[in-house]
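> Dropping the sequence and predicted coords here.
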Amino acid sequence: MTALSQFKNPTLSEVQNNYGTLRMFIEGKWTSSQSQQLQSVMNPAKDETIAQVPFATREEVEKAVESARAAFKTWSQMPVTTRAGYLFKLKQKLDEYFEDVSRITTQNHGKIIDEARGETRRLIENVEFGCAVAYTLAKGEHLDQVASGVDESLIREPLGPFAIIGPFNFPSLAPFWFIPTALAVGCTVVVKPSEITPLPMQWCMKAAEDVGIPPGVLNLLHGSKEVNEALVTNRNIRGVAFVGSTPVGQSIYKLAGEYGKRAICQAGAKNYMVVMPDADIATTVSALMPSFYGNTGQRCLSGSNLVAVGEVHDALTRKFVEASSKMKLGYGLDETAELGPLVSRRAQERVTSYVQKGIDEGAKLLLDGRNKKADGYSSGYFLGPTIFDQVTADMCIAREEIFGPVASIIHVANLNEAMELINGKTNYGNEACIFTRNGKNAREFRRMVQAGNIGVNIGIAAPMAFFPFAGFRDSFFGILHGQSDCVDFFTDKKVVVTRW
Amino acid sequence: MSLTEDERYTFSSLITLLIECESTLHQYYLDASTATSDPQLATALANFAKSIARSVDSMQRARVETVVEIALEPITNLRLSDLMSSIDRVEIGRTGYGETLMALEGVVSQLYRQASPKLASMSAEIGELLLRLSRDSDERVRELEKSMNR
């Protein structure tokens, strides 16, 4: 028996130490790429190579799309109950793989295990939503007697094969904002995860294979920019769903428009957390921690600018710095770690360069994460919580997406001034949150702020699977959003007017 | 886990700790069930051990199935280290184990009651589960008292 006084949370085991050269999943078969272009897949906590990812050739892209095109003929004609049956089985299989997918996510991305498990849980919720869609939202509409003896119906028809291009920060969840609904309504899919974090999706695809989803319905390619472009421009791809940075989102949206494809492009962010003088400081600071540091600040719903309104500034700053300074850095498979590494050496260098930029711009560095280490992981890409005070809205660190655990505190006099910053000083509009005990302030904020996802006394306003993942301005390109909007995205409407 | 004055837990590390406590209690019941010469009491103690094993399973499941990643706030202001050391110091001898087990149950029940509200914001299910386990522990104390006083 373990003596409790000596009890230590063990570091959880890795599913595998090395995953070799990744294969792609085309036409229901795992296929080795012919590509000569390979990239190392890293464990960012250890700076170790854990796999090699090939960049698919143009022929392989063609083959995957052709496989999706051919499968669409039978998949779209399959009874909806059969398609839903596959999704139910997929949900069950993903539940079985839950811990493996989560640990692989931590190993490849660096996020702590609770965050990885939370990601996998939300992925599965999206599959559940897909099951629900099959029997509800996909049904269409009907109205008898729109004119004398005339009835009218609206039928939703699946469009065809779609490309889904995922981001590095939610490597399994983000593609699953789209995949289940696409499959539920009868579309087929070619998914391409980030080349930095391709492993979790590899495991999800294994689940799809295990439940026998018919060949070609769900295909997996690896690669980078060239593969994205080859997918979007392919004549048989009807549309693309993308999650990633604003520059890439913009270019994919443009390309999709040029080629007449539907597109959902969820992009970057610069999110403001506004704390009113009447906010409860303890609960607010507690909510700000996962907002600024969850996923090591690498999420499009991360807090980035902390706006202290009026006299709350001093107490808020003191408590926020105190709480941030206590965070334990470590490998995410150690359950006691609170902050994992950044995803890559390049990301670490980029975020660190923003810290220097903040100093150069004259912001006051209250907490310097560059000095913080993760015991036992000296070569990992770590950066501790970093906090600047006396930041002005014109500084780079207040305007640009940093994508790391860096908080910029901006002091304003009142709520109007805070909302002017959000609406006027950034082109992004992904999320904005307010912390207050005043309902009028919260209502005003909700109505006036130009951001797609609004939080009231919550630091991560992440929509659940059954709501659209919104976004305004440079944070989103398109009309329909990910998750629950996807029924419209993957289908076209046919209106039938009948008289007998 | 290093138990400093400022105790800090993540969602998983706290649940792992509670699982460890529950597993320790499970082992104490098994030890007690073999230590007693009363066959009826031995069966009762073994049954308690079984129900504790089920609780461990429930916590293990909840740890991976119910976490809400958008609300992973740091868990602080818990004072668990003293409670845990009191569990650790126990030895099950051939006599007096009834009182020892009852005292232990009191500690475990208190651990659950303290941890429950801290975890509830991240997982309502686990918050509820811990309250239920606390009630189960209280119930075992009552049953134990009855068995010992037969």
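Thanks, I have it.
> just checking, residue A:272 touches residue A:421?
Yes: between residue A:272 and residue A:421 there is a contact under C-beta atoms under 8 Å: 6.6 Å. Bear in mind the C-beta positions are built from the backbone N, C-alpha and C, glycine included.
> is stretch A:199-210 anywhere near chain B?
No: shown here: stretch A:199-210 not in contact with chain B (C-beta under 8 Å from any C-beta of the partner chain), separated by at least 14.2 Å.
> so who does the residue of chain B found nearest chain A touch?
Going by C-beta to the nearest C-beta, chain A is nearest to residue B:69 of chain B, at 2.2 Å. Applying C-beta atoms under 8 Å, 6 or more residues apart in numbering or on different chains, we find residue B:69 in contact with A:114-115, A:117-119, A:121-122, A:294.
> How about the backbone phi and psi for it?
phi -70, psi -20 (degrees, to the nearest 10).
> Find me the pLDDT at it, would you?
pLDDT, residue B:69: 85.
> Check residue B:2 too.
We have a pLDDT of 41 for residue B:2.
> May I see the buried residues of the lowest-mean-pLDDT helix or strand in chain B?
Lowest by mean pLDDT, DSSP states H and E among the helices and strands of chain B is helix B:81-88, with a mean of 73. Going by neighbour count (16 or more other C-beta atoms under 10 Å in any protein chain shown), the buried part of helix B:81-88 is B:81, B:83-84, B:87.
> ditto for stretch A:82-102
For stretch A:82-102, by 16+ other C-beta under 10 Å, it's A:83-84, A:86-87, A:89-91, A:93-95, A:97-102.
> Name the nearest of the contacts of residue B:69 relative to residue B:108.
Using C-beta to C-beta, residue A:114 comes nearest to residue B:108 of the contacts of residue B:69, at 23.6 Å.
> The closest one - nearest residue in space that isn't next to it in sequence?
Nearest non-adjacent residue to residue A:114, counting by C-beta to C-beta, 6 or more residues apart in numbering or on different chains: residue B:11, 4.7 Å away.
> Which positions in chain B make contact with chain A?
Residues of chain B lying near chain A by C-beta under 8 Å from any C-beta: B:1, B:6, B:8-13, B:16-17, B:20-21, B:23-24, B:27, B:64-74, B:84-85, B:87-88.
> Restricted to buried residues, select those residues in PyMOL.
One line in PyMOL is enough to select the buried ones among the residues of chain B next to chain A; burial here means 16+ other C-beta under 10 Å:
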select buried, chain B and resi 1+8+9+10+11+12+13+16+17+20+21+23+24+64+65+66+67+68+69+70+71+72+73+74+84+87
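> Now do the domain split for chain A, please.
A:24-267+A:475-499, A:271-464 (automatic domain parsing).
> Redo the ones you listed as JSON lines? Include distance to residue B:115 and mean pLDDT.
JSON lines is the format used below for those (distance: least, C-beta to C-beta, whole Å; pLDDT from 0 to 100):
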{"stretch": "domain A:24-267+A:475-499", "distance to residue B:115": "15", "mean pLDDT": "97"}
{"stretch": "domain A:271-464", "distance to residue B:115": "15", "mean pLDDT": "97"}
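> Return the residues of the stretch 401-500 of chain A in contact with chain B.
Within the stretch 401-500 of chain A, the positions near chain B by C-beta under 8 Å from any C-beta are A:458, A:460, A:462.
> do that again at 7 Å, thanks
Contact residues (C-beta under 7 Å from any C-beta of the partner chain) of the stretch 401-500 of chain A with chain B: A:460, A:462.
> for the stretch 401-500 of chain A, what spans make up the strands?
All strands of the stretch 401-500 of chain A, identified by DSSP state E, counting those that start in this stretch, fall at A:406-412, A:428-429, A:431-435, A:453-456, A:468-469, A:472-473, A:476-477, A:482-483, A:491-499.
> Tell me which of the ones you listed is the most buried.
Greatest average neighbour count among the strands of the stretch 401-500 of chain A goes to strand A:431-435 (a mean of 30), per mean count of other C-beta atoms under 10 Å in any protein chain shown.
> tell me what that strand is packed against?
strand A:271-275, helix A:439-448, strand A:453-456 (3 or more C-beta pairs under 7 Å, 6 or more residues apart in numbering or on different chains; DSSP states H and E).
> Can I get that strand in PDB, CA atoms only?
C-alpha atoms of strand A:431-435 as PDB (Å, rounded to 0.1, in the frame of the first residue of the first chain):
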ATOM      1  CA  GLU A 431     -14.400  37.100 -27.800                       C
ATOM      2  CA  ALA A 432     -14.800  39.800 -25.100                       C
ATOM      3  CA  CYS A 433     -15.600  39.200 -21.400                       C
ATOM      4  CA  ILE A 434     -16.800  41.300 -18.600                       C
ATOM      5  CA  PHE A 435     -16.600  40.700 -14.900                       C
END
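> So for the biggest helix by length in chain B, mean pLDDT?
For chain B, the helix reaching the highest residue count under DSSP state H is reported as helix B:39-65. Averaged across helix B:39-65, the pLDDT comes to 91.
> May I see the buried residues of that helix?
In helix B:39-65, counting by 16+ other C-beta under 10 Å, buried: B:41, B:44-45, B:48-49, B:52, B:55-56, B:58-59, B:62-65.
> quick one: that helix to chain centroid distance?
10 Å (C-alpha atoms, centre = their mean, to the nearest Å).
> From the contact counts, what lies against that helix?
Short answer (3+ C-beta pairs under 7 Å, 6+ apart): helix B:39-65 packs on helix B:11-35, helix B:124-148.
> Apart from its neighbours in sequence, what residue is nearest the residue positioned nearest the centre of chain B?
The C-alpha lying nearest the average C-alpha coordinate of chain B belongs to residue B:22 (C-alpha atoms, centre = their mean; 3.8 Å). In this structure, residue B:22 finds its nearest non-sequential neighbour in residue B:56, 5.2 Å apart by C-beta to C-beta, 6+ apart.
> How about residue A:336?
Nearest one to residue A:336, counting by C-beta to C-beta, 6+ apart, is residue B:13 at 4.6 Å.
> Could you check how far the one you found is from residue A:259?
Using C-beta to C-beta, to the nearest Å, one gets 50 Å for the distance from residue B:13 to residue A:259.
> Kindly report the same for residue B:27.
65 Å.
> Please save the CA atoms from stretch A:194-214 in PDB.
In PDB, the C-alpha atoms belonging to stretch A:194-214 read as follows (Å, rounded to 0.1, in the frame of the first residue of the first chain):
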ATOM      1  CA  SER A 194      -1.900  20.800 -38.500                       C
ATOM      2  CA  GLU A 195       1.500  19.400 -39.400                       C
ATOM      3  CA  ILE A 196       2.700  20.500 -35.900                       C
ATOM      4  CA  THR A 197       0.100  18.400 -34.000                       C
ATOM      5  CA  PRO A 198      -1.000  15.700 -36.400                       C
ATOM      6  CA  LEU A 199      -1.100  12.800 -33.900                       C
ATOM      7  CA  PRO A 200      -4.400  13.200 -32.100                       C
ATOM      8  CA  MET A 201      -6.400  13.200 -35.400                       C
ATOM      9  CA  GLN A 202      -4.500  10.100 -36.400                       C
ATOM     10  CA  TRP A 203      -5.900   8.400 -33.400                       C
ATOM     11  CA  CYS A 204      -9.500   9.600 -34.100                       C
ATOM     12  CA  MET A 205      -9.200   8.300 -37.600                       C
ATOM     13  CA  LYS A 206      -8.200   4.900 -36.100                       C
ATOM     14  CA  ALA A 207     -11.600   5.100 -34.200                       C
ATOM     15  CA  ALA A 208     -13.400   5.800 -37.500                       C
ATOM     16  CA  GLU A 209     -11.600   2.800 -39.100                       C
ATOM     17  CA  ASP A 210     -12.500   0.500 -36.200                       C
ATOM     18  CA  VAL A 211     -16.200   1.300 -36.500                       C
ATOM     19  CA  GLY A 212     -16.200   0.500 -40.200                       C
ATOM     20  CA  ILE A 213     -17.200   3.900 -41.600                       C
ATOM     21  CA  PRO A 214     -17.300   3.000 -45.300                       C
END
